[in-house]
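Trainee: Attaching a predicted model along with its sequence, questions to come.
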Amino acid sequence: MKIDFSPSGVCAKKIEFEINEGKLHNVKFYGGCPGNLAAIPKLIEGQDAVKIAGILRGNDCGGRGTSCADQLAVAIDEALTQKAS
């Protein structure tokens, strides 16, 4: 399943990823901090989506109450909830 997510409260404008058999693939961030947002996809490629959402959920960037990583967790949660419906 391919997901296109529009994050809020962060610099990234869009997050794309796929969840296949519960694993994350092809994560891409558009906008945001290039170094961090290039590293995250490399670190989580092929990892369990539920586990990664748990790790990334709640990460804060500069006191915003969210971050690009946290928004990815939100997107994963939403995608898994929609799939279960």
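Mentor: Arrived safely, thanks for sending. Residues are numbered from 1 along each chain as shown.
Trainee: What residues of the helix ranked longest in the chain count as buried?
Mentor: Criterion DSSP state H: the longest helix present in the chain is helix 68-84. Buried residues in helix 68-84, counted by 16 or more other CB atoms under 10 Å: 68, 69, 70, 71, 72, 73, 74, 75, 76, 79, 80. (C-beta placed from N, C-alpha, C; glycine too.)
Trainee: tell me the pLDDT at residue 18?
Mentor: Residue 18 carries a pLDDT value of 98.
Trainee: Just say helix, strand or coil for it.
Mentor: strand (DSSP: H, G, I helix; E, B strand; the rest coil).
Trainee: Which residue comes closest to it once chain neighbours are left out?
Mentor: Leaving out its chain neighbours, the residue that sits closest to residue 18 by CB to CB, 6 or more residues apart in numbering is residue 25, at 4.4 Å.
Trainee: Cross-check the contact I'm expecting between that neighbour and residue 48.
Mentor: No: Residue 25 lies out of contact with residue 48 (CB atoms under 8 Å); the separation is 11.8 Å.
Trainee: For my notes, confirm residue 24 occurs in a helix.
Mentor: No: under three-state DSSP, residue 24 falls outside any helix and is assigned strand.
Trainee: Any idea what it is bridged to?
Mentor: Beta-bridge partners recorded for residue 24 (DSSP bridges): residue 19.
Trainee: Run a quick neighbour tally on it.
Mentor: 23 (other CB atoms under 10 Å).
Trainee: Same question for the one 10 residues further on.
Mentor: Burial of residue 34 is recorded as 9 neighbouring residues (other CB under 10 Å).
Trainee: pLDDT at the nearest residue to residue 65 once chain neighbours are set aside, what is it?
Mentor: Leaving aside its chain neighbours, residue 65 sits nearest to residue 9 (6.8 Å; criterion: CB to CB, 6+ apart). The score at residue 9 is 96. That number is its pLDDT.
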